[in-house]
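**Student:** just the structure for this:
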Amino acid sequence: MESRLLLVGLLFSLLACKKAPPPPVDVYTPPKVEDIVMYELFPRSFSEDGTLDAVTERLDELQDLGINCIWLMPIYPVGEAKSMPPLGSPYSVRDFKAISPEYGDTSDFRALIEAAHARGIAIILDFVANHTAWDHPWITQHPEMYTQDGNGNIVIPPGTNWQDVADLNFDHGPTRDSIIAAMQWWVETFDIDGYRCDYAEGVPVDFWSNCLATLESDRDLIMLAEGEARNLLTDGGFDIAFSWTLYDRMGLAFSGARSADWPGYWAGIEKDRDPAGTYRLRMVTNHDKVSFEELPVHYYQSYDGIRSAAVALTYMPGVPMLYNGQEVGSQQRLNLFSDTPLNWDDPRGFRGFYTQLYELYQQFPELRTGGYTYFDQRLEVMLFERVGNERSLVVCNVRNTEVTVARPTEWQGPALKDQFTGNAFTGDSLTLAPYQYLLLREN
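**Tutor:** Here you go, the predicted model:
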């Protein structure tokens with residue numbers, strides 16, 4: 001009898017401790033840009049059937065993970081002329097105002113938007129303004145909308161080898177008007193929350209300023225530029241821009257080719273030089289990297305290295321982004337031109353890691369909007385503080401060796417508590433295991 005009571009008590013305790021699902025949102029308000037935790041979603045690989053309905057069915061998982069904004073990769077009909085095998089690139093668009101049947105239809109997309117908004121999750125749609133597929137109707141109906149060579153032949157985007165797409169001519173006014181009209185259509189028809197604009201630097205920045213002014217005439221949108229030119233933020237009107245430079249610097253730091261301050265100081269430079277209220281996207285990887293370049297486990301040297309990099313990237317100034325599959329530590333090569341389904345097994349517990357990472361990000365405001373100071377204490381350790389009404393010290397070992405690092409002068413004295421483990425730290429130095437990471441606050 002006593003053992004039965006103990007068992008009942010244990011079950012009750014477990015149920016009591018289980019995290020309750022967030023209540024539904026009565027009135028949807030998009031997240032503020034500074035509060036966004038973004039998730040890049042590739043529908044072809046996100047599920048076995050690759051549909052919008054499959055995304056809707058798993059929104060609770062994304063909400064529990066801490067995601068409040070989904071960047072949905074292109075869902076338009078894919079061009080067939082000069083297509084990349086086997087399925088073609090989702091960035092080769094045959095119709096800017098349609099959904100490819102492989103993903104579903106307009107009712108499926110509308111259901112996804114409504115279900116996401118009910119959970120407080122914004123949806124931004126990938127849009128390709130620079131080019132179209134070769135079988136887009138404009139090719140034959142309005143060839144003047146495309147860039148042409150001296151012989152009148154439509155050309156691919158200059159400086160690229162993208163043979164499956166045709167370059168649009170933004171010196172031609174109707175081209176600009178048609179692109180803006182297509183982008184307006186998705187906002188007005190489906191109530192999407194903004195756009196991730198592909199190859200934003202391939203389009204004149206004055207187009208973006210006019211486009212965004214039109215799109216945001218009634219309400220603010222979340223606008224993300226794939227490009228790192230500062231004028232996309234200063235003149236184009238974007239809220240968020242990429243930082244390929246910081247991504248590259250992170251890789252060099254983890255490989256040992258550069259010191260930890262190489263990316264650390266760059267994050268501060270971007271924060272100081274970018275306009276107030278704008279942000280840089282911080283990613284461990286994305287669809288291009290997973291498709292064509294180094295996988296994260298190699299780029300950051302190990303699975304432990306991935307965790308350390310994710311902590312640094314999430315807590316430095318910017319908007320953190322997770323590419324689908326990374327929440328289970330996936331190292332699959334998700335080819336952009338195919339529909340390889342993700343394996344959602346999580347043998348290394350990455351989902352729990354990312355859930356805690358983002359919980360802490362939302363819990364402590366200084367990690368999102370606080371001041372940023374980088375401390376150059378050791379070549380092997382990224383160490384910086386975020387300061388608001390309270391302060392946090394982020395410490396990430398970027399090497400596969402044990403390292404002892406001195407606390408910065410400003411942080412010597414008080415006992416510090418690691419928010420990931422609950423461990424307390426005293427003394428004026430910290431000894432870190434290989435790739436260990438800490439989020440320290442005064443105990």
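
**Student:** rest of the way, CA atoms for contacts and neighbours
**Tutor:** Noted.

**Student:** which other helices and strands contact whatever helix or strand Cys396 lives in?
**Tutor:** Here Cys396 sits within strand 391-397, counting by DSSP states H and E. For strand 391-397, the packing partners by 3 or more CA pairs under 8 Å, 6 or more residues apart in numbering; DSSP states H and E come out as helix 303-315, helix 366-369, strand 381-387, strand 437-442.

**Student:** try it again with 6 Å
**Tutor:** Here strand 391-397 touches strand 381-387, strand 437-442, going by 3 or more CA pairs under 6 Å, 6 or more residues apart in numbering; DSSP states H and E.

**Student:** please compute how far that strand lies from its chain's middle.
**Tutor:** Offset of strand 391-397 from its chain centre (CA atoms, centre = their mean, to the nearest Å): 22 Å.

**Student:** quick one, it and helix 303-315 angle?
**Tutor:** 150 degrees (axes from the mean of the first three to the mean of the last three CA atoms, to 10 degrees).

**Student:** what residues does strand 391-397 touch?
**Tutor:** For strand 391-397, contacts defined as CA atoms under 6 Å, 6 or more residues apart in numbering pick out 308, 381-386, 435-441.

**Student:** and what of stretch 236-253?
**Tutor:** Contacts of stretch 236-253 (CA under 6 Å, 6+ apart): 205, 208-209, 223-228, 232, 258-260, 263, 278-281, 299.

**Student:** report the buried residues of that stretch.
**Tutor:** For stretch 236-253, the neighbour count (16 or more other CA atoms under 10 Å) marks 236-244, 246-247, 249-253 as buried.

**Student:** tell me how far the ends of that stretch are from each other?
**Tutor:** 31 Å (CA to CA, to the nearest Å).

**Student:** report how many residues lie close to Glu188.
**Tutor:** Using other CA atoms under 10 Å, Glu188 has 10 neighbouring residues.

**Student:** again with Gly194
**Tutor:** When neighbours are counted by other CA under 10 Å, Gly194 registers 24.

**Student:** so it makes contact with Ile222?
**Tutor:** Yes. Counting by CA atoms under 6 Å, Gly194 does reach Ile222; the two are 4.5 Å apart.

**Student:** please identify the helix or strand for Trp185.
**Tutor:** Trp185 is part of helix 173-190, with elements assigned from DSSP H and E.

**Student:** which is the next helix or strand following that helix?
**Tutor:** strand 194-198.

**Student:** returning to what we had before: can you tell me what sits against the helix holding Trp185?
**Tutor:** Under CA under 6 Å, 6+ apart, the answer for helix 173-190 is 110, 145, 211.

**Student:** what about the first one, how many neighbours?
**Tutor:** What that stands for is Arg110. Number of residues near Arg110 (other CA under 10 Å) recorded here: 16.

**Student:** let's have the contacts of strand 391-397 in TSV, adding distance to Thr404, pLDDT and neighbour count.
**Tutor:** Formatted as TSV, the contacts of strand 391-397 follow (distance: CA to CA, whole Å; pLDDT from 0 to 100; neighbours: other CA atoms under 10 Å):
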residue	distance to Thr404	pLDDT	neighbour count
Ser308	16	98	24
Val381	9	98	26
Met382	12	98	27
Leu383	12	98	25
Phe384	16	98	25
Glu385	18	98	26
Arg386	21	98	23
Tyr435	12	98	27
Gln436	11	98	21
Tyr437	13	98	26
Leu438	13	98	23
Leu439	16	98	22
Leu440	16	98	23
Arg441	19	98	20
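
**Student:** which of those residues sit farthest apart?
**Tutor:** Arg386 and Tyr435 (20.6 Å; CA to CA).

**Student:** helix or strand: which one has Tyr103?
**Tutor:** Here Tyr103 sits in a region with no helix or strand, counting by DSSP H and E.

**Student:** re the thing from before, format the contacts of helix 173-190 as TSV; extra columns: secondary structure, distance to Ala118 and pLDDT.
**Tutor:** Formatted as TSV, those follow (DSSP: H, G, I helix; E, B strand; the rest coil; distance: CA to CA, whole Å; pLDDT from 0 to 100):
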residue	secondary structure	distance to Ala118	pLDDT
Arg110	helix	12	98
Met145	helix	40	98
Cys211	helix	28	98
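
**Student:** contacts for the host helix or strand of Val55, please.
**Tutor:** Using DSSP H and E, Val55 sits within helix 52-57. Contacts to helix 52-57, defined as CA under 6 Å, 6+ apart, come from residues 103, 112.

**Student:** other SSEs contacting the helix or strand harbouring Leu430?
**Tutor:** Following DSSP H and E, one finds Leu430 within strand 429-432. Strand 429-432 is packed against strand 403-406, with contacts defined by 3+ CA pairs under 6 Å, 6+ apart.

**Student:** may I have the strand it packs on as PDB, with CA atoms only?
**Tutor:** Provided in PDB are the C-alpha atoms of strand 403-406 (Å, rounded to 0.1, in the frame of the first residue of the first chain):
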ATOM      1  CA  VAL A 403      40.600  27.000 -20.600                       C
ATOM      2  CA  THR A 404      40.800  29.200 -17.500                       C
ATOM      3  CA  VAL A 405      39.700  32.800 -18.100                       C
ATOM      4  CA  ALA A 406      39.800  35.800 -15.700                       C
END
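
**Student:** strands paired with that strand, and their directions?
**Tutor:** Within its sheet, and counting by DSSP bridges, strand 403-406 is paired with strand 429-432 (antiparallel).

**Student:** what about the strand or helix carrying Trp71, average pLDDT?
**Tutor:** Secondary-structure element containing Trp71, defined by DSSP H and E: strand 69-72. In this model, strand 69-72 carries a mean pLDDT of 98.

**Student:** coming back round to it: Ser92: which of the contacts of helix 173-190 is nearest?
**Tutor:** Nearest to Ser92 among the contacts of helix 173-190, with distances taken as CA to CA, is Met145, at 16.3 Å.

**Student:** and that closest one, how many residues sit next to it?
**Tutor:** When neighbours are defined as other CA under 10 Å, Met145 has 21 of them.

**Student:** what about it, distance to Asp126?
**Tutor:** Using CA to CA, we find Met145 at a distance of 21 Å from Asp126.

**Student:** re earlier: ok now the helix holding Val55, how far from the chain's centre?
**Tutor:** Taking mean C-alpha positions (CA atoms, centre = their mean), helix 52-57 and its chain are 19 Å apart.

**Student:** pull out the buried positions in it.
**Tutor:** Neighbour-count burial for helix 52-57 [16+ other CA under 10 Å]: 52-56.
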